[in-house]
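Trainee: Fold the following, please.
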Amino acid sequence: MELPLQPKRSISLILFSVVVLAVCVVLISTAIAMFAVTWDPCSLVCGVIILPLPTILAIQQYRGTFRCNAKAASQASVLLSIVAGFALFSFVVTLSEMIIWDVRVSWTSLILPMLLTAIAAAASARINLFWSRHLERFGPAGRHGTSRLRFSMFELLVAVTAIACVPALAVYFVRSTPPRYAENVPRDKAPFGLPAEASDVSFCQGFRGTIAYEFAIKEDAFIEWVESGIGSVESDAAKVAIQPITAPYSIPRYSSLMATLTGPDSITIANGLYYAWSKEDRGVHAAFDRSTNRAYYFAHFH
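Mentor: Model (predicted):
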């Protein structure tokens, strides 16, 4: 049977390729935006770690699908298999923690996205693998792809759109990144989930995932907030109960995380409630001062 002059791309290959390229553009933009968080070395390191994979995957996915390069399609399949494996591993580990430790984790915000990512990446890897094998049947023309000097209008549109989206998204992410600290701001200006009753929020983000904040709230709302889960999966699984303060209890304040902030580095509470969990170099602490109806939170996860 005589082969057609040009390999024919399937609709599913084109759709999956466009989705992969779009996700890669978002990840590349996110990694670039991380470099703007100059006060946090962890952000810079994460940007360096994240940037290579989506960049290489985007290039190989484009070359494999739209330049009909068998080797590039095969490499894209391998990279997508790695993504699928990592997402599936994360899904299994998180699901195991939920079952073994009876941890409450939102399916829509964490579990389901992991599973969908694993499925989509695995499907994309399989389609790329079949496409690579199909291209191999065309001999040198399929293995090495089409001429670099020939670009269709669709390819040019995709390239221009991607080039324009990366800096645009990076700028958007930088502008939407919450500040390192703020004082006496409304609840919706805080970069984390707080109870609806919270007000007059002050916070500061430290190095390596350390964060401290305080806000005004009623006691019953504070108790409900803590019991809903305020730490990591590990700390929530410990089922630590809120305790009444029977002796003066001290907790670091947000001002302790930045030298330029004024105010005491800690607060000592004589009458109220506290929550405390720690393990090795990780800890989550919260306290409520009945005399001021103010809550304090301090956590470090490294």
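Trainee: Name the SS class of the residue nearest to Ala287 when sequence neighbours are not counted, please.
Mentor: Setting aside the residues directly before and after it, Ala287 is nearest to Tyr274 in space (C-beta to C-beta, 6 or more residues apart in numbering), at 4.4 Å. For the C-beta atoms, the positions are set from N, CA and C on the backbone; glycine is no exception. What DSSP: H, G, I helix; E, B strand; the rest coil gives for Tyr274 is strand.
Trainee: Just to check, Tyr274 is in contact with Ile245?
Mentor: Yes - counting by C-beta atoms under 8 Å, Ile245 is a contact partner of Tyr274 at 5.6 Å.
Trainee: what sits in contact with each of the two?
Mentor: Counting by C-beta atoms under 8 Å, 6 or more residues apart in numbering, the shared contacts of Tyr274 and Ile245 are Ala287.
Trainee: who has more neighbours, those two?
Mentor: With neighbours defined as other C-beta atoms under 10 Å, Tyr274 and Ile245 compare such that Tyr274 has more, 20 against 17.
Trainee: and the more buried one, what does it touch?
Mentor: Residues counted as contacts of Tyr274 (C-beta under 8 Å, 6+ apart) are Ile242, Gln243, Ile245, Tyr249, Ile251, His285, Ala286, Ala287, Phe288.
Trainee: Export the residues you listed as TSV, with columns for distance to Ile100 and pLDDT.
Mentor: Shown next, in TSV, are the contacts of Tyr274 (distance: C-beta to C-beta, whole Å; pLDDT from 0 to 100):
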residue	distance to Ile100	pLDDT
Ile242	24	90
Gln243	26	93
Ile245	32	96
Tyr249	32	95
Ile251	30	96
His285	25	94
Ala286	25	95
Ala287	30	96
Phe288	31	97
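Trainee: Is it possible to mark the buried ones in the residues you listed?
Mentor: Neighbour-count burial (16 or more other C-beta atoms under 10 Å) is assigned, among the contacts of Tyr274, to Ile245, Tyr249, Ile251, His285, Ala286, Ala287, Phe288.
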